[in-house]
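Asks: let me see the structure of the following:
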Amino acid sequence: METLISRIESVAERDQGTVTFVAGDTYDTIRWSELHADARAAAAVLQDRGIGPGSHVALLGPTTRSLITAIQAVWLTGGTLVTMPLPMRMGALDVFIDQTRQRIRRSDSALVLIDSELAAFVSPIEGDPPFLGLDELVGTGAADAYRRPDVDPSSLALLQFTSGSTSEPKGVMLAHEKICNNLSGAWTAASLRHDDVLVSWLPLYHDMGLIGLLGIPMTIGTTLVQGAAQDFLARPMRWMRWISDHGGTGTAGPNFAFALAARTLRRTNEELDLSTLRIALSGAEPVDATTFERFFTAGERFGLRRSVAFPAFGMAEVCIAGAFPKLGDGLRTDWVDRVALETDRRALAVEPGSEHGVELAILGRAVPGLEISIVDPDTGAPRGDREVGELLITGNSLTEGYYRQPEETAELIRDGWLHTGDLAYTVDGELVVCGRIKDLIIVGGRNIYPQDVEKVVGEVEGVRTGNVIAFGVDGRHGAQNMIVVAETKAASHLDELTRTIVGAVTEAVGIPPKDVVLVEPGTVPKTSSGKLQRSACRTQFQSGELARI
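Replies: Predicted coordinates:
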């Protein structure tokens, strides 16, 4: 069986591919073999500090060449990498520091590798492991001093904390062989090639950025153009510019990223060439077909082809890749009757554009090595095609469970099947995901999917798109009431905005929200990867912590 070490070494020995580090609008390109030499030297420094197989090493810092070198260095020692999220909003710095310290301690990290700028905010206190600056690690050792360890393929390579979108973040245990299996499955399912150029700005503390976009080039061998999330968010056009300048053939992002890219492509007068793209993967959250389609419409004049759309399903508990469509099929959707979906758990096909229909993205089939099943969430009985149930996954890249959380692990994996908590169905064997079981809003016997409400409200003038949360709270006699929380920059006419939101929701799903809470920008709680935290928002609402404008 292979390990990440053997795969990393193979790429370096073949001298296959380069990695370009993007800082704003400046580029620095080196070969993977050069980075490997730097990582060997850094690994030697770590070994001198006692890091080896079984050691857990926490890593905290923005995307840089030093950070990626440190990632490889930890794996070369046989140690377990524990990636730490960065703060989404600097206003919540105290919360970030507290959560980071909890993760460091809960992961049993023996050492913390930290960027020098973050070290000014997060410093060790009593009970913490030692801290080591990335500038003290990278560029200070000697590659010849590195001693290659004997690593068991079943040993832990990564503790990937979940996003915490529906519960407290948990440390997903991922072994070397599991990650290798999943990367091989993704490589095959996406028809990737060694001459591909992957372009990414995705955070390296998130599974799609770390395992998917970085892991494939580093351990199988392609060229990578790696930017930083903060550079993309500061100027979304950079993502498109990086693809154009470097002949990018593959890239990935969540819904909000494609929404930002569509907006900037519509407005720009820059000259771009997006014709080299073969794969534009949308994942990390339920794929919104309308948002994805707008991206391709906006990019058409730059040579962007609709056939490269690649809506996919993945999760940390299977390493990253769960289900992929066939390359070249583009965006395919399923229009289903909203009432049948919500009341009968059936995906009854309707004509595209139907007034009573909802459009859902078709996500393809399980990647090689995995198998999916849809079952009744109450009885466990198998569901047929177009029957909605809970998505289960089994195969060769499943996590062993959550670190030091046996009860949660027993709930997650039963009889060899991973219970995802996602509601889904199949169309001719291909996967369609509807939403999360825990997030359902049950009103009058109907299962209202919060993302349907959030999408409609996000399109209301005055509301910040992507910053809307819908959830249910218990009302009288056990019935649920629908609550909508929306960010807005508006300082006046708030009653009118509220009425517009109520009208839009009522027209879309047939049920008005019980309450609409308008809040300041930056208020809606999100995970470190930008996912909406509906359960956290519900708790804030019920405790009176949400500050209405």
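Asks: and the helices in the stretch 401-549 of the chain?
Replies: According to DSSP state H, counting those that start in this stretch, the stretch 401-549 of the chain carries its helices in the segments 406-412, 450-458, 494-509, 534-542.
Asks: need the contact list for the closest residue to residue 268 other than its chain neighbours.
Replies: In space, and not counting its chain neighbours, residue 268 is closest to residue 237: 6.0 Å by C-beta to C-beta, 6 or more residues apart in numbering. Backbone N, C-alpha and C define where each C-beta goes, glycine included. Going by C-beta atoms under 8 Å, 6 or more residues apart in numbering, residue 237 touches 264, 268, 270.
Asks: ok, and the most crowded of the residues you listed?
Replies: Within these, neighbour counts (other C-beta atoms under 10 Å) peak at residue 264, which reaches 18 neighbours.
Asks: thinking that residue is in contact with residue 238, fair?
Replies: No - using C-beta atoms under 8 Å, residue 264 is not in contact with residue 238, being 9.3 Å away.
Asks: so where is the protein shaky, pLDDT-wise?
Replies: The model of the chain has pLDDT under 70 over residues 88-92, 163-168, 444-445, 476-479, 528-529.
Asks: what residue lies at the spatial centre of it?
Replies: residue 284 (3.6 Å; C-alpha atoms, centre = their mean).
Asks: didn't that one look like it was pressed against residue 531?
Replies: Yes - here residue 284 reaches residue 531: they are 7.3 Å apart, a contact under C-beta under 8 Å.
Asks: any residues in contact with both of those two?
Replies: With C-beta under 8 Å, 6+ apart, residue 284 and residue 531 have common neighbours residue 254.
Asks: re the thing from before, looking at the contacts of residue 237, which one is closest to residue 343?
Replies: Taking C-beta to C-beta as the measure, residue 343 lies nearest residue 264 of the contacts of residue 237, at 40.2 Å.
Asks: any idea how far the helix or strand that contains the closest one is from the chain center?
Replies: Assigning secondary structure by DSSP states H and E places residue 264 in helix 255-267. Averaging C-alpha positions (C-alpha atoms, centre = their mean, to the nearest Å) puts helix 255-267 18 Å from its chain's average.
Asks: for that helix, buried residues please.
Replies: Within helix 255-267, the residues that count as buried by 16 or more other C-beta atoms under 10 Å are 255, 256, 257, 258, 259, 260, 261, 262, 263, 264, 265.
Asks: now tabulate those residues in CSV and tack on distance to residue 232.
Replies: As requested, the buried residues of helix 255-267 are exported to CSV (distance: C-beta to C-beta, whole Å):
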residue, distance to residue 232
255, 14
256, 11
257, 7
258, 12
259, 13
260, 8
261, 9
262, 14
263, 13
264, 10
265, 14
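Asks: quick one: the closest residue to residue 138 other than its chain neighbours from residue 38, how far?
Replies: Ranked by C-beta to C-beta, 6+ apart and with sequence neighbours excluded, the top spatial neighbour of residue 138 is residue 66, at 4.5 Å. According to C-beta to C-beta, to the nearest Å, residue 66 and residue 38 sit 9 Å apart.
Asks: now do the shared contacts for these two.
Replies: Listed as contacting both residue 66 and residue 38 by C-beta under 8 Å, 6+ apart are residue 138.
Asks: tally of neighbours for residue 120?
Replies: The burial count for residue 120: 9, using other C-beta under 10 Å.
Asks: same deal with residue 507?
Replies: Using other C-beta under 10 Å, the number of residues around residue 507 comes to 11.
Asks: what of residue 538?
Replies: Around residue 538 there are 18 residues (other C-beta under 10 Å).
Asks: residue 537 and residue 469 touch, don't they?
Replies: Yes - the criterion here is C-beta under 8 Å, and residue 537 meets it with residue 469 at 4.5 Å.
Asks: of those two, who's got more company?
Replies: Between residue 537 and residue 469, counted using other C-beta under 10 Å, the more crowded position is residue 469 (29 against 23).
Asks: ok, which stretches of the stretch 151-300 of the chain are helices?
Replies: Using DSSP H, counting those that start in this stretch, helices in the stretch 151-300 of the chain cover 176-189, 207, 215-216, 229-234, 237-246, 255-267, 289-299.
Asks: tally of neighbours for residue 503?
Replies: Neighbours of residue 503 (other C-beta under 10 Å): 12.
Asks: rewinding a little: joint contacts of residue 537 and residue 469?
Replies: Taking C-beta under 8 Å, 6+ apart as the contact rule, residue 537 and residue 469 both touch 485, 524, 525.
Asks: for the residues you listed, which one is nearest residue 247?
Replies: Closest to residue 247, out of all of the shared contacts of residue 537 and residue 469 and judged by C-beta to C-beta, is residue 524, at 37.3 Å.
Asks: so who does the closest one touch?
Replies: Going by C-beta under 8 Å, 6+ apart, residue 524 touches 467, 468, 469, 485, 486, 487, 532, 537.
Asks: those residues into TSV, with extra columns for distance to residue 314?
Replies: Compiled in TSV, the contacts of residue 524 are given as follows (distance: C-beta to C-beta, whole Å):
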residue	distance to residue 314
467	24
468	24
469	23
485	27
486	28
487	27
532	18
537	24
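Asks: how near is residue 169 to residue 536?
Replies: 11 Å.
Asks: my error: substitute residue 367 in the last question.
Replies: Using C-beta to C-beta, residue 367 is found at 31 Å from residue 536.
Asks: between the two, point out the one with more neighbours.
Replies: Higher neighbour count among residue 367 and residue 536: residue 367, with 29 against 21, using other C-beta under 10 Å.
Asks: how many neighbours does the spatially closest residue to the more buried one that is not a sequence neighbour have?
Replies: In space, and not counting its chain neighbours, residue 367 is closest to residue 185: 3.8 Å by C-beta to C-beta, 6+ apart. By other C-beta under 10 Å, 24 other residues sit near residue 185.
Asks: ok, now residue 407?
Replies: Residues within reach of residue 407, counting by other C-beta under 10 Å, total 8.
Asks: identify the residues contacting it.
Replies: Applying C-beta under 8 Å, 6+ apart, no residues qualify as near residue 407.
Asks: next: residue 452.
Replies: Residues in contact with residue 452 (C-beta under 8 Å, 6+ apart) are 338, 358, 508, 509.
Asks: spatially nearest residue to the third one, not counting backbone neighbours?
Replies: Beyond its immediate neighbours in the sequence, the residue positioned closest to residue 508 (C-beta to C-beta, 6+ apart) is residue 456, lying 4.3 Å away.
Asks: likewise for the second one?
Replies: Taking C-beta to C-beta, 6+ apart as the measure, residue 358 lies nearest to residue 338, with 4.9 Å between them; neighbours along the chain are not counted.
Asks: tell me where the stretch 51-200 of the chain has strands.
Replies: Taking DSSP state E, counting those that start in this stretch as the criterion, the stretch 51-200 of the chain carries its strands at 56-60, 80-83, 111-114, 131-133, 156-161, 171-175, 197-200.
Asks: ditto for the stretch 201-350 of the chain
Replies: Under DSSP E, counting those that start in this stretch, the stretch 201-350 of the chain gives strands at 223-226, 250-253, 279-282, 309-311, 313-314, 321-324, 333-337.
Asks: looking at those, which is nearest to residue 50?
Replies: Comparison of the strands of the stretch 201-350 of the chain against residue 50 by C-beta to C-beta identifies strand 223-226 as nearest, at 29.9 Å.
Asks: what's next to the closest one, contact-wise?
Replies: Taking C-beta under 8 Å, 6+ apart as the rule, strand 223-226 contacts 17-22, 63, 68, 195-201, 213-214, 217-218, 242, 246, 248.
Asks: out of these, which are buried?
Replies: 17-22, 63, 68, 196-201, 213-214, 217-218, 242, 246, 248.
Asks: so residue 20 bridges to which residues?
Replies: Beta bridges link residue 20 to residue 29, residue 225, judged by DSSP bridges.
Asks: so it touches residue 26, yeah?
Replies: No - contact criterion C-beta under 8 Å: residue 20 and residue 26 do not qualify, at 10.4 Å.
Asks: mind putting the helices of the stretch 151-300 of the chain into JSON lines with distance to residue 429?
Replies: Output for the helices of the stretch 151-300 of the chain, formatted as JSON lines (distance: least, C-beta to C-beta, whole Å):
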{"stretch": "helix 176-189", "distance to residue 429": "15"}
{"stretch": "helix 207", "distance to residue 429": "25"}
{"stretch": "helix 215-216", "distance to residue 429": "26"}
{"stretch": "helix 229-234", "distance to residue 429": "35"}
{"stretch": "helix 237-246", "distance to residue 429": "32"}
{"stretch": "helix 255-267", "distance to residue 429": "25"}
{"stretch": "helix 289-299", "distance to residue 429": "20"}
